[in-house]
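Engineer: Requesting a structural model of the entry that follows:
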Amino acid sequence: MQRKRLLVAVGLACLLVLAGCTGGGNGGDGATQASLGGDDPEYAEATGTPAGDEESSAADGRMRIYRAELSVRVSEFDASRSNLTNAAQGYGGYVSDSQIQANERNNETYRDGKFTYRVPAENYSAFLETVRAQGTVTQENENVQDVTGQHADLQARLENLRAERDRLRELYEQANDTEDVLAVQRELSDVQGEIERTEARLETLEDRVAYATVTVELREERPDVDYDRDHWYDTGVIAAFLQSVDGAIVALRALVIGIAYALPYLIAFGVPLAALGLVFKRIVIGGGLPSIRGGGDGSGNGSGSGGGGASSDAGDAGDDAAASSDADKRER
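Structural biologist: Numbers count the residues shown, from 1 in each chain. Alright, predicted model coming up:
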């Protein structure tokens, strides 16, 4: 029994050491790429791809990811979009993403669109030529990424993980103790999860190699903006005079229409205000001020009037006396 436990422990330790070595080699363009050349038979065996297969690699046996981004100005948006969709499908590809935006200018509508196409890598150049033929290319960017070493590392890691899983299954069948069974099960579960993740990464990488990604931005021609480029001093004399007459007539007509709009308000509010102004002027200025100066109050004005009457009588008596004195002197 102790011998079996020792065997299981040794086996687990070996598996852990092997897994650590395998994980350290997952660095992309590491030792695997250096040891396995692109045209080497060992590379073809490790990657599972025959040398010279153009469907998953270039002619030189390398694995590359092709990406391109183009901006194209087109005259007919719908026609260009349809041409690119049909071309991608004809080459064995498809449209993975599309965005369309409608714009308006000078009461005319034009559209912009952004589309992502996935086409087989062997038809990448032909599809680019189709894109360029749709109109005027205003911007173009291409990127090629060599993933030969990364693919080989993933393949080697996957093979090691599968071999580790097989050994763990053998240990699981030989284990009799509950603790050993549980330990092997945990290790087997971890290895199986790592296998699935590695397979997913490898599948994604191979898909990116097999299908190139081309992003195309289609921009429809903008409607022209009409600008009057003639200067005012280039206008003829007669034409200028006639335009001025027309302007004066328009201004006069606007004035008449403005008066017509304002006349009801003037009648409704102006006439009552004018009447109130006349009444106020007659009361305050015409009749109110003289009555204040001549009337006075009962005591002061009455005595003043009486005093004035006495002074007038005394003056008349003095005049009569002076006349009598002059008559006496003439008689003498």
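Engineer: List the buried residues in the helix or strand harbouring Glu159.
Structural biologist: Assigned by DSSP states H and E, Glu159 belongs to helix 148-174. The neighbour-count check on helix 148-174 (16 or more other CB atoms under 10 Å) flags 148-158, 160-161, 164-165, 167-168, 171-172 as buried. C-beta here means a position set from N, CA and C on the backbone, and glycine is covered the same way.
Engineer: Following element in sequence after that helix, please.
Structural biologist: Per DSSP H and E, the first helix or strand lying C-terminal to helix 148-174 is helix 178-210.
Engineer: pLDDT at the nearest residue to His151 once chain neighbours are set aside, what is it?
Structural biologist: Distance criterion CB to CB, 6 or more residues apart in numbering; nearest residue to His151, sequence neighbours excluded, is Met63 at 5.2 Å. As predicted, Met63 sits at a pLDDT of 91.
Engineer: Around Met63, how many other residues sit close by?
Structural biologist: Close neighbours of Met63, defined as other CB atoms under 10 Å, add up to 25.
Engineer: pretty sure it contacts Val147?
Structural biologist: Yes. If you go by CB atoms under 8 Å, Met63 and Val147 touch, sitting 5.3 Å apart.
Engineer: Would you map the helices across the stretch 201-332 of the chain?
Structural biologist: Assigned by DSSP state H, counting those that start in this stretch, the stretch 201-332 of the chain shows helices spanning 237-265, 271-281, 289-295, 298-331.
Engineer: Give the rounded mean pLDDT of the first one.
Structural biologist: Across helix 237-265, pLDDT averages out at 85.
Engineer: ok, and for that helix, which residues are buried?
Structural biologist: Quick answer for helix 237-265: no buried residues (16+ other CB under 10 Å).
Engineer: Against which helices or strands is that helix packed?
Structural biologist: Contacts defined by 3 or more CB pairs under 8 Å, 6 or more residues apart in numbering; DSSP states H and E place helix 237-265 against no helix or strand at all.
Engineer: same thing with the second one?
Structural biologist: The helices and strands touching helix 271-281, judged by 3+ CB pairs under 8 Å, 6+ apart, number zero.
Engineer: ok, residues contacting it?
Structural biologist: By CB atoms under 8 Å, 6 or more residues apart in numbering, no surrounding residue is in contact with helix 271-281.
Engineer: Just the mean pLDDT for it, thanks.
Structural biologist: Across helix 271-281, pLDDT averages out at 84.
Engineer: again with the third one
Structural biologist: Mean per-residue pLDDT for helix 289-295: 46.
Engineer: What of stretch 124-143?
Structural biologist: What stretch 124-143 shows for mean pLDDT is 94.
Engineer: Quote the end-to-end distance of it.
Structural biologist: Start-to-end span of stretch 124-143 (CA to CA, to the nearest Å) is 12 Å.
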